[in-house]
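Trainee: Predicted model and sequence follow; I will ask about them next.
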Amino acid sequence: MISNQDLFNKIQLQFDRQLPFVVFREPLGKRLTLVLQHTDALEHLNSFEKEGFVFAPFDHSKKGVLLHPDTIYVSEYHGLSDSMFSGYQKAVEDSGKENHVNLVSRGIEKIKEGLFSKVVLSRFQEVPSNDLKPLEVYNRLLNRYRNAFAYFWYHPKVGMWMGATPETLIDIKGQHFKTMALAGTQKYNDSEEVCWGQKELDEQKIVTDFILESLAGISDDLEVSEVTTIRAGNLLHLKTDIRGELNKSFDVKDLIETLHPTPAVCGYPKDQSNRFILQHENYDRKFYTGYLGYFNGQEERSSFYVNLRCMQLFEDKAVIYVGGGITQDSDPVSEWEETVNKSQTMLNALG
Ligand SMILES: C=C(O[C@@H]1C=C(C(=O)O)C=C[C@H]1O)C(=O)O
């Protein structure tokens, strides 16, 4: 164990040397794990054989990156104060509104034509800043989103990413696995009473049904929870927990390829909605809505998360990625507003 300050110093040193690293904290976890790679080699993820940190893009025809755990440090996180950082401008310009509303309208048309029943449409938001201090931003993520998987990832040949995601793709140990169907969004307003509309219940059920259908041949004894409400920053989502045992012949890679991308980030059916996204979103999601996590080998526990509520950091700006599930009952302007609400998760961490 090293102190928080030492761990943050090691991150800074690694960055100054332009070498790859990732630091992460599990949801509700107390520990920060820092993985340092000693060279700037870019290793693509080919299979799940080697231990290391996996960072995979949304587009499953493209390869992910595997960071080598040359050195690992662990530190008990005590919540370093972030009060010394001044407020950041949170106003969101409406510049992307028209495009997003048009994109959503086109998605709804295709749903009505029967091409798919759900599609998740997204956009990016640029936040200019000449004074980004990534470690301070990451510290705020850690403090503000305790039940999220909060990570900070860097590779000099790929870039710098950060996020605090509420969504587990798969948690696996040996033959046991857990996953979740997470979808449906409303703003958190500090009230005990939470009401969900039919649109949100339907879009979340599409995710649950897809997961159950995909796992049918992989596991014979699935346990499925009730639908519950969970909080993620200033938002609420609907969630179903699913767990089971893998049939012998399946491994992590098969499982991930079966699930990713789920209708929580892509749509249903997968191929048709995926094609629509790649053709019409008009930008590259890169690692947003991909997945990430430390792979320990099939026998040890490994958890992979969906890369949501995330951003890419550059010298002079942050680029925040946000999206939402569209069904036949979606209203394009409300869907735009939902992405604005989602962007607050990262904007809040910027200052
Ligand atoms: C696509 C995002 O989130 C996903 C979409 C949700 C929705 O459509 O309601 C809710 C949670 C996530 O599964 C995002 O945060 O960008």
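Mentor: Perfect, thanks for sending it. Because the structure is a prediction, the values reported are computed rather than measured.
Trainee: Can I take it that residue 142 is in a helix?
Mentor: Yes. Using DSSP: H, G, I helix; E, B strand; the rest coil, the secondary structure at residue 142 is a helix.
Trainee: can you pull up the bridge partners for the closest residue to it other than its chain neighbours?
Mentor: Closest residue in space to residue 142, ignoring its immediate chain neighbours: residue 150 at 5.2 Å, by CB to CB, 6 or more residues apart in numbering. Heads up, the C-betas are built off the backbone N, CA and C, glycines and all. Applying DSSP bridges to residue 150 yields these beta-bridge partners: residue 25, residue 164.
Trainee: Return the residues in contact with residue 150.
Mentor: Each residue near residue 150 by CB atoms under 8 Å, 6 or more residues apart in numbering is listed here: 24, 25, 138, 141, 142, 163, 164.
Trainee: Equivalent analysis for residue 262, please.
Mentor: Residue 262 makes contact with 169, 181, 207, 210, 211, 306 under the criterion CB under 8 Å, 6+ apart.
Trainee: Get me the contact residues on the stretch 1-150 of the chain for the ligand.
Mentor: Residues of the stretch 1-150 of the chain found near the ligand (CB under 6 Å from any ligand atom) are 120, 122.
Trainee: Now do the helices for the stretch 1-150 of the chain: every range, in order, please.
Mentor: In the stretch 1-150 of the chain, the segments counted as helices under DSSP state H, counting those that start in this stretch are 4-16, 97-113, 134-144.
Trainee: out of those, nearest to residue 275?
Mentor: Nearest of the helices of the stretch 1-150 of the chain to residue 275, taken as CB to CB: helix 97-113 at 10.4 Å.
Trainee: in that closest one, what's buried?
Mentor: 97, 100, 103, 104, 106, 107, 108, 110, 111 (16 or more other CB atoms under 10 Å).
Trainee: Can you spell out which helices and strands pack onto it?
Mentor: Helix 97-113 sits against strand 118-128, helix 270-280, strand 317-326, helix 332-350, with contacts defined as 3 or more CB pairs under 8 Å, 6 or more residues apart in numbering; DSSP states H and E.
Trainee: Off-centre distance for that helix?
Mentor: Relative to its chain's centre, helix 97-113 lies at 23 Å (CA atoms, centre = their mean, to the nearest Å).
Trainee: Over to stretch 338-346?
Mentor: Chain-centre distance of stretch 338-346: 13 Å, with CA atoms, centre = their mean.
Trainee: is the ligand contacted by that stretch?
Mentor: Yes. Under the criterion of CB under 6 Å from any ligand atom, the ligand is reached by stretch 338-346 at residue 342.
Trainee: who touches that stretch?
Mentor: Residues outside stretch 338-346 that contact it (CB under 8 Å, 6+ apart) are 90, 92, 100, 122-123, 125, 145, 162-164, 185, 187, 232-235, 309-311, 318, 320, 322-324.
Trainee: Just the buried subset of the residues you listed, written out for PyMOL, thanks.
Mentor: Filtering the contacts of stretch 338-346 down to the buried ones (16+ other CB under 10 Å) takes a single PyMOL command:
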select buried, resi 92+100+122+123+125+145+162+163+164+185+232+233+235+309+310+311+318+320+322+323+324
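Trainee: For the closest residue to residue 96 other than its chain neighbours, give me its contacts.
Mentor: For residue 96, ignoring the flanking residues on the chain, the nearest one in space by CB to CB, 6+ apart is residue 123 at 5.3 Å. By CB under 8 Å, 6+ apart, residue 123 lies in contact with 96, 99, 100, 103, 281, 283, 321, 322, 323, 339.
Trainee: need the residues you listed in a markdown table with distance to residue 255 and pLDDT, can you?
Mentor: Shown next, in a markdown table, are these (distance: CB to CB, whole Å; pLDDT from 0 to 100):
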| residue | distance to residue 255 | pLDDT |
| --- | --- | --- |
| 96 | 35 | 91 |
| 99 | 36 | 96 |
| 100 | 33 | 97 |
| 103 | 31 | 98 |
| 281 | 27 | 97 |
| 283 | 29 | 96 |
| 321 | 25 | 98 |
| 322 | 27 | 98 |
| 323 | 24 | 98 |
| 339 | 30 | 97 |
